[in-house]
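Visitor: predicted structure and sequence below. I'll ask about it afterward.
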Amino acid sequence: MKILVIAETDGAKVSEKSLPAIAFAQQVAGENFTILAIGHNLSGIDSLTRYGAQSVWVAEEARLAKPLAERYAPVVVQAVQHLGADLVVATTSTFSRDLLARVAGLLNAPMLSDIISFAVRDGHVVVKRPIYSANLIGTFEAEGTPLVLTVRGPAWGKPRSVETSSPVQPLSVPAELSTRSEWLSLEGSAGGRPDLTQARVVVSGGRPLKDAETFEKYIGKLADVLGGAVGATRAAVDAGIAPNELQVGQTGKTVAPELYIAVAISGSVQHLAGMKDSRVIVAINIDPEAPIFQVADYGLVADLYEVVPPLIEELKQARSS
Ligand SMILES: Cc1cc2nc3c(=O)[nH]c(=O)nc-3n(C[C@H](O)[C@H](O)[C@H](O)COP(=O)(O)OP(=O)(O)OC[C@H]3O[C@@H](n4cnc5c(N)ncnc54)[C@H](O)[C@@H]3O)c2cc1C
């Protein structure tokens, strides 16, 4: 089975988000996979050569300097055809949802997203993926090649390194690339905090945080002292307490950090859908019956306004000593 892994890039540099897709390829095909990175003057290509891929293909030119799915999709299609790939795979993310859906459309190929397991039975690919806000796991059978997949990061983890380095080869770019879309700007999170979906620690706050200033004073500060990212519930976002890009959950981002601290969050199924794969979950909630305590490894029944400030001070002191 030949696998083409699409490395995630922002057009200028390779992202660590590519790693679970590479881990998937290793587990399914050993060393029979190729990685494709697209952009312009890309940095971080070396980081893709450590995992036993047969080749790392790099498609670079000025028209690909920004990650526009409309322009990247024909490049992926060309690589799929060049390789004769059976599977095209990337880690689930905003980038891959946008790009691989277009690739599947151009190839008239089946697509399954966010998969957590993969098997071949009687010549058919059988995968599992979370459905209904991750409350159920569905089993799906796919027919036809190539098959386009996105893989759920926490389920596949990190690839193992090998001693030999994969060769890096340039890939030509199709002459015709769409110009119907134009890149205007990217609004990133403020304050230099880590990316929410990549962070090892995430501190999230809920509706009771009152306003943006209070949210920053308690949730932002606690995240900063732990070197973590900030998340929020949809209720907090809808109330204007936190910006939209911080929303965690079914209609927000999926995170799986080492440590997730949920402050004044009730634990709705929609919120849990985005964070219950976190390794350790800590909940601070004034209500001992709050559903969040059912998934928490550590729970503190307390008023956030009383316990978060001394917690920040303790952590500050622990860090400086
Ligand atoms: C289609 C759909 C999609 C949705 N998608 C998402 C999503 O992606 N993400 C998401 O988060 N939600 C989502 N929701 C909304 C979700 O159903 C909940 O309404 C939301 O998660 C609740 O947010 P909350 O926990 O901040 O607020 P609440 O449910 O109001 O809970 C606040 C909690 O804080 C506690 N509390 C109050 N005061 C304090 C204090 N001083 N100290 C400590 N604890 C305190 C309370 O006991 C309570 O448990 C979605 C809903 C729908 C219908």
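Guide: Nice, thanks for sending it over. Residues are numbered from 1 along each chain as shown.

Visitor: interface residues of this protein facing the ligand?
Guide: 206-208, 233-236, 247-252, 264-266, 268, 270-271, 274, 284-287, 290, 303-305 (Cβ under 6 Å from any ligand atom). Bear in mind the C-beta positions are built from the backbone N, C-alpha and C, glycine included.

Visitor: how far away is residue 9 from residue 48?
Guide: 10 Å (Cβ to Cβ, to the nearest Å).

Visitor: find the residues that touch each one of these two.
Guide: residue 37 (Cβ atoms under 8 Å, 6 or more residues apart in numbering).

Visitor: about what we covered before: from the residues of the chain next to the ligand, which land in strands?
Guide: 284, 285 (DSSP state E).

Visitor: helices - which of the residues of the chain next to the ligand land there?
Guide: Cross-referencing those against helices under DSSP state H gives 234, 235, 236, 270, 271, 304, 305.

Visitor: tell me where the protein has helices.
Guide: 19-29, 69-83, 94-107, 153-156, 212-215, 221-225, 234-238, 269-272, 292-295, 304-320.

Visitor: ok, of these, where does mean pLDDT dip lowest?
Guide: For the helices of the chain, mean pLDDT drops lowest on helix 153-156, to a mean of 87.

Visitor: contacts for stretch 14-21, please.
Guide: Defining contact as Cβ under 8 Å, 6+ apart, one finds that stretch 14-21 is touched by 5-9, 35, 37, 42-45, 47-48, 89-91, 93, 95, 151-159, 197-198.

Visitor: widest-spaced pair of the ones in helices among the residues of the chain next to the ligand?
Guide: Pairwise distances across those peak at 25.5 Å for 270 and 305 (criterion: Cβ to Cβ).

Visitor: show me which of the ones in helices among the residues of the chain next to the ligand are buried.
Guide: 234, 235, 236, 270, 271, 304 (16 or more other Cβ atoms under 10 Å).

Visitor: distance to residue 185 added to those residues, as JSON lines?
Guide: Putting those into JSON lines (distance: Cβ to Cβ, whole Å) gives the following:
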{"residue": "234", "distance to residue 185": "25"}
{"residue": "235", "distance to residue 185": "28"}
{"residue": "236", "distance to residue 185": "25"}
{"residue": "270", "distance to residue 185": "30"}
{"residue": "271", "distance to residue 185": "29"}
{"residue": "304", "distance to residue 185": "35"}
